[in-house]
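Novice: Sequence and predicted model, in that order:
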Amino acid sequence: MIDMNSKIRYILAVFCLIACIVNGQTLSLDSCLSLAKKNNPQVRNAQLEIEKAQQVRYQALTKFFPNISAQAFAFHALNPLIEIGAQDLINSVQNEQVRTDLNQIYQDYGQNADLEKMFGFFQYGVTAGATAIQPIFMGGQIVNGNRLAKLGVDAAKLQSEITQRDVILDVEQLYLMIIGLEAKRSTLLSVNELLDTLTNNLKSAIAAGLTTQNDILKIELKRGETESQQLQLENGISLAKQALCTRIGIPFSDSLQIITKDVLTENYTVSGADYARPEKELLELNVQASEIKKKMTIGQALPQIALGGSYAYNRMFKDKNQHNGLLFATLKVPLTNWWETGHKIKEHSISTEQAQNNRDYLTEQMELQTLQAEQEVMVAEKQIQINEKVVENGKENYRIAKINYDAGMVSISELLEARTLLMKAENDLTDAKIQLRLASRKAEIYR
């Protein structure tokens, strides 16, 4: 059963997706993920691979059914293929006297009766037939071929799941990158507002003769530094948005907006549900496929039995149709293939052992990957706690510096340095929150 929170999230995702499609300007994280599942070329190609594997399985299923073929042949020659005449019959007689008598009879009666002297055969004709062969035993090749085709479908589904998961993680990473860059831009804008305020105050102080132009120059130097940083941030945001649009399959627009509210502040917990990584299942399928290929190789050296029947029709003589049919059985026993097959079996045995070694090794690597992801979550959580304290200290340091600056106890350079330190602390906190979100997602994937 789907809980109420899941239903609400799904409804919100649908509405965000519709809004994105309608105006193409506002994107939430859920709408980006929905669009990526629908439009991303890698995801679509992975789904097409499933269809291809399914067609291969259908091909394998046809091997269980009879192989039926039909053929037809017709010809019409300029001259009969076989010609025979009365003189040929007469000459075939060995007895000279009989031959003389037959020749005389033909001259006396045959010519008077307008009998042709030559007769032709096979000048035109038609023949057609059909044959059906039903495999009975093919050494297990058909059965194992269908098993291998089914494994291909399962492997394509697992690979599609892996591809979709990686694409979603990539999209979320880009989305969070944009959020982080925009958060840093907002922080930089607050620094620019401070510089504008200080500039206006200093201009009034200079006009009153209370300070010198030197402080204005320091502010302008700082302003040039912030403008350079802002230019880099704007360029980074634009490139990240273009990359995001490419991943989710929508046109890029300069007016594209990202919904950043509550994305970094919401609590993201790793699901505790049982989850089998598709990579592990894929490795197991690879081992099974190697074993099936070995069985198919053995089947090539086993006897093969088939039953069949055929029907034929021909008309080689005028007004004479002929029909015929037969049933037959075939037995094929390879006699000299065992030598070659023995080496093939050893080859497949080695391939199976390699697949098992890869499965065991990569399974251990995935377990290490899981531990690493969990440790990254712990480190990110501690880093956030550290950065939050640094931000609090930075705010307090800036507050004191501002009070002392207003009282004329510290220089403007110290005030700007305090604000710069606070900006860096805030940016580091944003990076830590993004890192925690990504680490939590990886921990969920790799568990």
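Specialist: On my side now, so go ahead. What you are looking at is a predicted structure, and each value in this text was computed from that prediction instead of being measured.
Novice: How far off centre is stretch 402-418?
Specialist: 59 Å (Cα atoms, centre = their mean, to the nearest Å).
Novice: would you put the C-alpha positions of that stretch in CSV?
Specialist: The C-alpha trace of stretch 402-418 is given here as CSV (Å, rounded to 0.1, in the frame of the first residue of the first chain):
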residue,chain,number,x,y,z
LYS,A,402,30.3,45.9,12.1
ILE,A,403,29.8,47.4,15.5
ASN,A,404,33.4,48.2,15.9
TYR,A,405,33.6,49.7,12.4
ASP,A,406,30.6,51.9,13.0
ALA,A,407,32.3,53.0,16.2
GLY,A,408,35.5,53.7,14.3
MET,A,409,37.5,51.1,16.1
VAL,A,410,38.4,48.8,13.1
SER,A,411,39.2,49.6,9.5
ILE,A,412,37.0,48.8,6.5
SER,A,413,39.5,46.1,5.5
GLU,A,414,38.8,44.2,8.7
LEU,A,415,35.0,44.6,8.1
LEU,A,416,35.3,43.3,4.6
GLU,A,417,37.5,40.4,5.7
ALA,A,418,34.9,39.5,8.4
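Novice: Go through that stretch and flag the buried ones.
Specialist: Tyr405, Val410, Ile412, Leu415, Leu416, Glu417, Ala418 (16 or more other Cβ atoms under 10 Å). (Glycine included, C-beta is placed from N, CA and C.)
Novice: centroid residue for this protein?
Specialist: Note on the chain: the residue nearest the mean C-alpha position is Ala46, at 2.5 Å, using Cα atoms, centre = their mean.
Novice: which of the buried residues of stretch 402-418 lies closest to Leu239?
Specialist: Leu416 (29.6 Å; Cβ to Cβ).
Novice: quick one: which helix or strand includes that closest one?
Specialist: Using DSSP states H and E, Leu416 sits within helix 412-446.
Novice: what packs against that helix?
Specialist: helix 141-207, helix 214-248, helix 338-406 (3 or more Cβ pairs under 8 Å, 6 or more residues apart in numbering; DSSP states H and E).
Novice: Format these as TSV; extra columns: distance to Ala132 and mean pLDDT.
Specialist: Below are these laid out as TSV (distance: least, Cβ to Cβ, whole Å; pLDDT from 0 to 100):
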stretch	distance to Ala132	mean pLDDT
helix 141-207	16	90
helix 214-248	53	90
helix 338-406	29	91
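Novice: okay if I get the ones you listed as JSON lines plus distance to Thr430?
Specialist: Below are those laid out as JSON lines (distance: least, Cβ to Cβ, whole Å):
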{"stretch": "helix 141-207", "distance to Thr430": "5"}
{"stretch": "helix 214-248", "distance to Thr430": "12"}
{"stretch": "helix 338-406", "distance to Thr430": "9"}
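Novice: Let me know which of those helices is tucked in deepest.
Specialist: Ranked by mean neighbour count under mean count of other Cβ atoms under 10 Å, those are led by helix 141-207, which reaches a mean of 18.
Novice: what's the offset of that helix from the middle of its chain?
Specialist: Worked out by Cα atoms, centre = their mean, helix 141-207 lies 21 Å from the chain centre.
Novice: tell me the angle of it relative to helix 214-248?
Specialist: With axes from the mean of the first three to the mean of the last three Cα atoms, to 10 degrees applied, the angle from helix 141-207 to helix 214-248 works out at 160 degrees.
Novice: re the thing from before, state the mean pLDDT of the helix holding Leu416.
Specialist: For helix 412-446, mean pLDDT is 90.
Novice: So which bits of that helix are buried?
Specialist: 412, 415-423, 425-446.
Novice: I'd like the secondary structure assignment at Arg315, please.
Specialist: strand (DSSP: H, G, I helix; E, B strand; the rest coil).
Novice: Leu331 too?
Specialist: Using three-state DSSP, the structure places Leu331 in strand.
Novice: Verify the stated contact: it with Leu307.
Specialist: No. Using Cβ atoms under 8 Å, Leu331 is not in contact with Leu307; the gap is 10.5 Å.
Novice: Of those two, which one has the most company?
Specialist: Leu307 (14 against 10; other Cβ atoms under 10 Å).
Novice: Okay, and that one sits in which element?
Specialist: Going by DSSP H and E, Leu307 is in strand 304-317.
Novice: before we move on, back to that, surely the residue nearest to the centre of the chain is within a strand?
Specialist: No. Per three-state DSSP, Ala46 lies outside any strand segment and is helix.
Novice: show me what contacts Leu416?
Specialist: Counting by Cβ atoms under 8 Å, 6 or more residues apart in numbering, Leu416 touches Lys218, Ile219, Lys222.
Novice: what about the closest residue to Gly152 other than its chain neighbours, which SS state?
Specialist: Computed as Cβ to Cβ, 6 or more residues apart in numbering, the closest residue to Gly152 that is not its neighbour in sequence is Ala53, at 4.4 Å. Here Ala53 is helix, with the state taken from three-state DSSP.
Novice: I'd say the residue nearest to the centre of the chain and Gln159 touch.
Specialist: Yes. Using Cβ under 8 Å, Ala46 is in contact with Gln159, at 6.1 Å.
Novice: hang on, His348 packs against Ala289?
Specialist: No. Shown here, His348 and Ala289 do not form a contact pair, counting by Cβ under 8 Å, at 10.4 Å.
Novice: Could you dump the contacts of Leu416 into a markdown table and include distance to Val379?
Specialist: Shown next, in a markdown table, are those (distance: Cβ to Cβ, whole Å):
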| residue | distance to Val379 |
| --- | --- |
| Lys218 | 38 |
| Ile219 | 38 |
| Lys222 | 33 |
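Novice: Mind picking the one among those that's closest to Gly325?
Specialist: Of the contacts of Leu416, the one sitting nearest to Gly325 (Cβ to Cβ) turns out to be Lys222, at 100.4 Å.
Novice: which non-adjacent residue is nearest the closest one?
Specialist: Leu416 (5.3 Å).
Novice: From Thr336, how far out is the one you found?
Specialist: 90 Å (Cβ to Cβ, to the nearest Å).
Novice: And Ala77, by the same measure?
Specialist: The gap separating Ala77 from Thr336 is 44 Å, by Cβ to Cβ.
Novice: of the two, who's got more company?
Specialist: Ala77 (11 against 8).
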